[in-house]
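[1] Sharing a sequence plus its predicted fold:
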Amino acid sequence: MRIELITYSTKPRGGVVHTLSLAEALARRGHDVTVWTLGRGGDQAFFRPVDPAVRVRVVPFAPRDDESVGDRIERSIVTMRAEFAAPAGAVVHAQDCISANAVGPAIRTIHHLDAFETPRLIECHERAVVEPIARICVSRAVAAEVREKYGLGVTVISNGVDATRFAAAASPGAAALRDRWRERLGRYVLAVGGIEPRKGSIDLLEAFARVRDRHPDTSLVFCGGETLFDYRDYRARFDDRAEELGIRPVVLGALAHEEVPPLVAAAGVMAFVSTKEGFGLAAMEALAAGTPVVARDLPVLREVFRDAVRFADGTDPIAAELSAALEGDHVPAEAGVALARSYSWDAAAERHERFYGAVLRNGGDGGAPIDLADLR
């Protein structure tokens, strides 16, 4: 098949990681794959090398300082629409709201449902759910949300996980790389994904203040965080509250691709307290590295992580579980490693392949899930 995958950024956000890993797995299965993206901030390539078997098209997208979030999203759509072209008969698969609005009739992966407040962003979000010819979710919980809100059935195809890469960072041979982070940061609680409302960053800050009372030698570390949205007000509230609590979190920002696995493997515990998720790829990577995870008690995370992580909701319960993990009271690492290894990108690609074939034959999914078991 000729497959065109479209994402909105070159940066290491979850949907972008998903797009690249899926593209490479599809290429390994012999398909002709192109990934399209917007080159924000002058980027001419993705945050990591991409298998040469996958073609990459980066559409230039110049920054504008005087632009609102809504204007930026609409300009993103217009810019991609002007450049995107797919050959006749190709599978066109959009991975986010921007891509789905830009490329015309397409398959859409709905990683999670967002909650926008302005009319034009609400309209953009809803078009990207309702208008695609077929839909995929990476978890049953998000598929149920789509069904409840829009009356549309969605096919569920789980993420894969690059478990080998994170397991390697936990191996004896990578000890020096882990030690570099520990020498720099000491013992630390790690959060991946930036400081933003959906990641529950202020909730984590409040919980960490209680952790610090029991573990004063422990630091709170954030990495990642590229986003289209304007979270400056939230970040200001975060900074003000950190100062009130006497906490100096270490904010690393986006790291080089090769630096992330040893950072994750060296952490005392990963705090994954998002208020909304589609799957939880960063936490699954932590499990692959043998790092314990404390996750917010959400239906989607219960579905994906089962009994491999500790769940908590609310400041005191989250703090208690983080403290327990730092003291060695957590789910045995073997359970998380085994779970992470069970999610394979090659298996995900094979399911996508069957899904694409059905969509091409039928012209879409008709607003109902496709039974992949019948398409072997």
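    Good, I have the coordinates. Numbers count the residues shown, from 1 in each chain.

[2] Going by C-alpha atoms from here, please, whenever you check contacts or count neighbours.
    OK.

[3] For stretch 44-53, which residues meet the burial criterion?
    Buried residues in stretch 44-53, counted by 16 or more other C-alpha atoms under 10 Å: 44, 45, 46, 47, 50, 53.

[4] Which single one of those is nearest to residue 128?
    Relative to residue 128, the closest of these is residue 46; by C-alpha to C-alpha it sits at 23.8 Å.

[5] Look at the closest one and tell me its secondary structure.
    Classification of residue 46 using DSSP: H, G, I helix; E, B strand; the rest coil returns coil.

[6] State the distance from it to residue 81.
    From residue 46 across to residue 81, the span is 20 Å (C-alpha to C-alpha, to the nearest Å).

[7] on that earlier part again, in CSV: the buried residues of stretch 44-53, plus pLDDT.
    Listed next are those as CSV, based on pLDDT from 0 to 100:
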residue, pLDDT
44, 93
45, 95
46, 95
47, 93
50, 97
53, 98
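
[8] residues near the residue lying closest to residue 264 once chain neighbours are set aside, how many?
    Among residues not flanking residue 264 along the chain, residue 286 sits closest, at 5.9 Å (C-alpha to C-alpha, 6 or more residues apart in numbering). Counted with other C-alpha atoms under 10 Å, the neighbours of residue 286 add up to 29.

[9] which residues are in contact with the helix or strand that contains residue 286?
    Following DSSP states H and E, one finds residue 286 within helix 281-288. When contacts are defined by C-alpha atoms under 8 Å, 6 or more residues apart in numbering, helix 281-288 is touched by residues 14, 159, 161-164, 166-167, 192, 264-265, 270, 272, 292-293, 305, 333, 336-341.

[10] can you pull up the bridge partners for residue 191?
    With DSSP bridges applied, residue 191 shows beta-bridge pairing to residue 222.

[11] Can you list the strands that the longest strand seen in the chain pairs with?
    Identified as the longest strand of the chain according to DSSP state E is strand 32-40. Strand pairing for strand 32-40, using DSSP bridges, gives strand 2-6 (parallel), strand 55-61 (parallel).

[12] ok, and what's touching that strand?
    With C-alpha under 8 Å, 6+ apart, strand 32-40 has contacts from 1-10, 19-20, 23, 26-27, 45, 53-63, 76, 80, 84.

[13] what residue ranges in this protein are flagged as low confidence?
    In the predicted model of the chain, residues 226, 228, 374-376 satisfy pLDDT under 70.

[14] Determine the longest helix present in it.
    helix 345-362 (DSSP state H).

[15] So which residues of the stretch 101-250 of the chain form helices?
    Along the stretch 101-250 of the chain, counting by DSSP state H, counting those that start in this stretch, helices occupy 119-130, 140-150, 163-169, 175-185, 201-214, 232-245.
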